[in-house]
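Colleague: let me see the structure of the following:
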Amino acid sequence: MQKLVILLVLLCTLLSTGCFSDGEKAVEPAKPSQQEIKQQSFIVYRAAANGTEKLLPEKFTINDNGKSVPENALIALCTTKPQDAKMDDVVPIGVKVRSLKIDKDGTAYADFSKELAKRGQGSYGEMMLCYAIVNTLTEFPEIKRVQILVEGEKVISLSGHMDVEDPLMRNTDLL
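Modeller: Numbering: from 1, shown residues only. From the prediction side, this is the model:
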């Protein structure tokens, strides 16, 4: 029994110190430093809380998560709440970004979950929602217009007030 204990202690010692010769030491994998972690910065547009037909910019900086910057901007618009009381969230609860594809002509195809087509939203809310999406995405020079999709399909309208069957262009009157 005593030989077994000595053998186990010796084995544990060898395993914990490593099996290196000539003074070699185990090297732990390097953790990325703050400088190596890439950052993504972008702007999302939110409706003005005072009810005026204005979209206000909100700046975000996040760690790169392997998604494109436009897709992260769209995800931030749909999943975060405004950080400023002057801004209002017009994205219906539960909306998820299913995908974002950008073609060579500059049309972004933004596909959302069915919660985007929320019934009962007024014309103001629908317009602010659509242009919050469009103006957020057209911040990126490669995107000229945005086709809003719901569950992968074109829809005529999100709430019955605004035609979104064709791609929408940036609306600078709301900025």
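Colleague: who are the contact partners of D84?
Modeller: 56, 58 (Cβ atoms under 8 Å, 6 or more residues apart in numbering). For glycine as for every other residue, the C-beta is placed from the backbone atoms N, C-alpha and C.
Colleague: now it: how far from D163?
Modeller: Distance, D84 to D163, using Cβ to Cβ, to the nearest Å: 31 Å.
Colleague: residues making contact with stretch 156-169?
Modeller: Taking Cβ under 8 Å, 6+ apart as the rule, stretch 156-169 contacts 107, 116-123, 125-127, 129-131, 134, 138, 144-148, 150, 154-155.
Colleague: give me the buried subset of these.
Modeller: With burial judged by 16 or more other Cβ atoms under 10 Å, the buried subset of the contacts of stretch 156-169 is 116-118, 121, 125-127, 129-131, 134, 138, 144-148, 150, 155.
Colleague: quick one, helices of the protein?
Modeller: Under the criterion DSSP state H, helices of the chain are mapped to 2-17, 69-79, 123-137.
Colleague: what is the last one packed up against?
Modeller: Looking back up the chat, that one is helix 123-137. On a contact count with 3 or more Cβ pairs under 8 Å, 6 or more residues apart in numbering; DSSP states H and E, helix 123-137 meets strand 39-48, strand 55-63, helix 69-79, strand 107-112, strand 145-150, strand 168-169.
Colleague: so, low pLDDT: which residues of the chain?
Modeller: 1-35 (pLDDT under 70).
Colleague: hmm, try it at 50
Modeller: 19-21, 24 (pLDDT under 50).
Colleague: and T61, how many residues sit next to it?
Modeller: Look at T61: counted by other Cβ atoms under 10 Å, it has 8 neighbours.
Colleague: same deal with M128?
Modeller: For M128, using other Cβ under 10 Å, the count is 24.
Colleague: what of D105?
Modeller: Count around D105 with other Cβ under 10 Å applied: 8.
Colleague: so it touches I143, yeah?
Modeller: No. Contact between D105 and I143 fails when scored by Cβ atoms under 8 Å: they sit 10.4 Å apart.
Colleague: return the residues in contact with K96.
Modeller: 78, 112-113, 115.
Colleague: let's see 6 Å
Modeller: S113 (Cβ atoms under 6 Å, 6 or more residues apart in numbering).
Colleague: okay, it and D89: tell me how far apart.
Modeller: From K96 to D89 the distance is 15 Å (Cβ to Cβ).
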